[in-house]
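Asker: Okay, predicted coordinates and the sequence, questions at the end:
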Amino acid sequence: MAFGDYQNEIYFGGLRGSVPPYPVAFAALELTAEAALPTSVWSYVAGGAGDERTQRANVEAFARWGIVPRMLVGATERDLSVDLFGIQLPSPIFLAPVGVVGIAAQDGHGDLAAARASAATGVTMIASTLSEDPLEAVGDALGETPGLFQLYTPKDRDLAASLVSRAEAAGYKAIVVTLDTWMTGWRPRDLTTANFPQLRGAALANYVTDPVFRAALPESSRNDPRAIVEQWASVFGNPLTWADLPWLRSLTTLPIILKGICAADDARRAIDVGIDGIYVSNHGGRQANGGLPALDMLPDVVAAVAGCVPVLFDSGVRSGSDVVIALAMGATAVGIGRPYVYGVAVGGTAGVIHVLRSILAEADLLMGVNGLPTIASLRTADLRRVGALSD
Ligand SMILES: Cc1cc2nc3c(=O)[nH]c(=O)nc-3n(C[C@H](O)[C@H](O)[C@H](O)COP(=O)(O)O)c2cc1C
Ligand SMILES: O=C(O)C(=O)c1ccccc1
């Protein structure tokens with residue numbers, strides 16, 4: 001399927017029932033997802049840190065950039081494929097890791113819905129440590145599409161090693177280590193919701209199936225949800241430092257990507273110690289409020305990395321145009337977070353497929369009408385900031 005086919009189905013196909021029963025515009029998708037979810041779940045997935053100004057700024061930042069279109073290019077054929085660690089990906093987007101995504105799914109299996117959508121579209125998924133299905137089952141559901149595993153590094157080093165070796169055995173192609181969430185930030189919406197969903201034991205499938213985690217639980221409480229949650233809370237977040245990186249590196253021969261790196265100096269230092277990929281993200285504004293929009297931190301990191309390793313990006317991506325702008329800024333691949341969660345909420349696997357295909361179709365058509373038919377051509381596009389730097 002060429003990604004632009006989606007547009008053909010909707011417009012040139014004559015609205016003949018091939019239109020999915022889901023909203024196309026992000027604003028409408030968001031409203032439908034909110035209506036489909038209990039308040040506590042909506043608060044968790046849609047909410048962020050503090051008064052959420054950074055979360056909003058992530059989205060708004062994209063509107064401050066524009067691409068100068070090129071004509072007479074005849075961009076009838078587009079190629080959106082990218083190379084990541086020698087793997088040819090059919091498209092430059094991926095599913096960002098989303099923990100506890102099962103709470104947004106009718107059947108509780110949001111991770112499997114995302115993995116099946118990944119299998120159907122070829123869009124790579126980064127599977128979260130905090131999933132309601134074990135990483136092996138998620139890996140199976142990915143089919144032929146390569147997957148990456150996101151690691152929340154536990155305090156227990158043996159448990160960390162176990163999770164990584166399971167991810168290797170399950171065929172994941174890289175380990176994405178999230179640095180910005182060894183504890184959760186100040187999230188008023190969650191704090192004021194009676195039914196704070198994060199501690200649902202159900203999202204601890206990777207822990208309860210892990211031999212190291214199980215061995216640390218007294219035999220009598222191996223099936224006790226409270227004991228499991230308590231044990232999880234005591235090991236969850238390891239505030240890693242630079243001194244831990246050689247140990248992390250020693251855990252696997254798979255590529256390691258560090259998620260949450262936003263400072264040029266941190267990126268350079270990570271590469272110096274043998275890290276294989278940098279992932280610019282501010283966790284969708286869920287961790288630190290008052291920070292810069294993630295997009296505005298991308299150019300400095302891309303410059304510092306200077307092509308040595310791939311630079312992944314997420315936070316605030318809502319459309320194909322956003323994807324194109326982040327790629328033009330030098331991102332190797334661009335992560336879809338909340339939009340796919342809303343896809344899970346409105347239609348499970350079909351909803352996620354719809355969201356991904358809509359984003360890809362828009363990016364594809366935009367590259368066509370802008371006369372920038374390949375990712376390589378996007379990289380040399382004339383990208384301008386709209387308005388003054390201080391606006
Ligand atoms: C509900 C939710 C759960 C998340 N859980 C994780 C997680 O388990 N691991 C992780 O690295 N990032 C997690 N993130 C952050 C996403 O990977 C990504 O950085 C973020 O969603 C990007 O912002 P955006 O959704 O506003 O575009 C989560 C995000 C959301 C919305
Ligand atoms: O909500 C999140 O963004 C997230 O990553 C997380 C971290 C710890 C527990 C639950 C979710």
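Answerer: On my side now, so go ahead. If you're wondering where the values come from, they're calculated on a predicted model, not measured in any experiment. Residues are numbered from 1 along each chain as shown. Ligands and ions are numbered 1, 2, ... in the order given.

Asker: use CA for all of it now, contacts and neighbours both
Answerer: Will do.

Asker: Look up how far ligand 1 lies from Gly387.
Answerer: Going from Gly387 to ligand 1 by CA to the nearest ligand atom, to the nearest Å gives 24 Å.

Asker: pretty sure that residue contacts Arg64?
Answerer: Yes: the criterion here is CA atoms under 8 Å, and Gly387 meets it with Arg64 at 7.2 Å.

Asker: So these two - more neighbours on which side?
Answerer: Higher neighbour count among Gly387 and Arg64: Arg64, with 14 against 9, using other CA atoms under 10 Å.

Asker: Excluding chain neighbours, what is closest to Leu151?
Answerer: Val177 (4.9 Å; CA to CA, 6 or more residues apart in numbering).

Asker: With Gly48 instead?
Answerer: Spatial nearest neighbour of Gly48, chain neighbours left out: Arg286 (3.9 Å); criterion: CA to CA, 6+ apart.

Asker: Just list the residues touching the most centrally placed residue in the chain, thanks.
Answerer: The centroid of the chain falls nearest to Ala96 when counting by CA atoms, centre = their mean (1.1 Å). Contacts of Ala96 were listed using CA atoms under 8 Å, 6 or more residues apart in numbering, and they are Met125, Ile126, Ala127, Asp314, Gly335, Ile336, Gly337.

Asker: Check the secondary structure at the spatially closest residue to the fourth one that is not a sequence neighbour for me.
Answerer: The reference is to Asp314. Among residues not flanking Asp314 along the chain, Gly335 sits closest, at 4.6 Å (CA to CA, 6+ apart). Three-state assignment for Gly335 (DSSP: H, G, I helix; E, B strand; the rest coil): strand.

Asker: what's around Gly335, how many residues?
Answerer: 26.

Asker: what sits against it?
Answerer: Ile93, Phe94, Leu95, Ala96, Leu312, Phe313, Asp314, Ser315, Val317.

Asker: Spell out which residues sit in contact with the residue in the stretch 151-300 of the chain positioned nearest to ligand 1, please.
Answerer: Relative to ligand 1, the nearest point of the stretch 151-300 of the chain is Gly284 (3.0 Å; CA to the nearest ligand atom). Residues in contact with Gly284 (CA under 8 Å, 6+ apart) are Gly48, Gln55, Asn58, Asp314, Ser315, Gly316, Gly337.

Asker: how near is it to ligand 2?
Answerer: 8 Å.

Asker: helix/strand/coil for that residue?
Answerer: Under three-state DSSP, the three-state class of Gly284 is helix.

Asker: Next one, pLDDT for it please.
Answerer: With respect to pLDDT, Gly284 scores 98.

Asker: repeat for Gly387
Answerer: Per-residue pLDDT puts Gly387 at 71.

Asker: In the stretch 151-300 of the chain, mark out all the strands, start to finish.
Answerer: 175-178, 256-259, 277-280 (DSSP state E, counting those that start in this stretch).

Asker: Which parts of the stretch 51-200 of the chain are helices?
Answerer: In the stretch 51-200 of the chain, the helices defined using DSSP state H, counting those that start in this stretch lie at 53-60, 110-121, 135-141, 157-169, 188-191.

Asker: Run the chain-centre distance for the longest one.
Answerer: On the basis of CA atoms, centre = their mean, to the nearest Å, helix 157-169 sits 21 Å off its chain's mean C-alpha point.

Asker: likewise the first one?
Answerer: Once both centres are worked out by CA atoms, centre = their mean, helix 53-60 turns out to sit 16 Å from its chain's centre.

Asker: so what's His109 up against?
Answerer: When contacts are counted by CA under 8 Å, 6+ apart, His109 is found next to Val101, Gly102, Ile103, Glu132, Asp133.

Asker: how about the residues of the stretch 1-150 of the chain near ligand 2?
Answerer: Taking CA under 6 Å from any ligand atom as the contact definition, the stretch 1-150 of the chain meets ligand 2 at Gly99.

Asker: so where's the stretch 1-150 of the chain uncertain?
Answerer: 1, 7-20 (pLDDT under 70).

Asker: Quick check, the residue in it closest to ligand 2?
Answerer: Gly99 (5.3 Å).

Asker: still on that earlier bit, isn't the residue nearest to Leu151 right up against Ala160?
Answerer: No: judged on CA under 8 Å, Val177 makes no contact with Ala160 at a distance of 10.8 Å.

Asker: what's the overlap in contacts for the two?
Answerer: Common neighbours of Val177 and Ala160 (CA under 8 Å, 6+ apart) are Thr153.

Asker: could you list every residue that touches the closest residue to Pro239 other than its chain neighbours?
Answerer: Nearest in space to Pro239, with sequence neighbours left out and distances taken as CA to CA, 6+ apart, is Trp182 at 5.5 Å. Under the criterion of CA under 8 Å, 6+ apart, the neighbours of Trp182 are Tyr152, Thr153, Phe236, Gly237, Asn238, Pro239.

Asker: Report the separation between the spatially closest residue to the fifth one that is not a sequence neighbour and ligand 2.
Answerer: It refers to Asn238. In this structure, Asn238 finds its nearest non-sequential neighbour in Lys155, 4.6 Å apart by CA to CA, 6+ apart. Separation of Lys155 from ligand 2 (CA to the nearest ligand atom) stands at 14 Å.

Asker: so where is the stretch 251-391 of the chain shaky, pLDDT-wise?
Answerer: Within the stretch 251-391 of the chain, the segments meeting pLDDT under 70 span 388-391.

Asker: need the residues of it near ligand 1, please.
Answerer: Within the stretch 251-391 of the chain, the positions near ligand 1 by CA under 6 Å from any ligand atom are Ser281, His283, Gly284, Asp314, Ser315, Gly316, Val317, Ile336, Gly337, Arg338.

Asker: That concludes my questions; thank you for your assistance.
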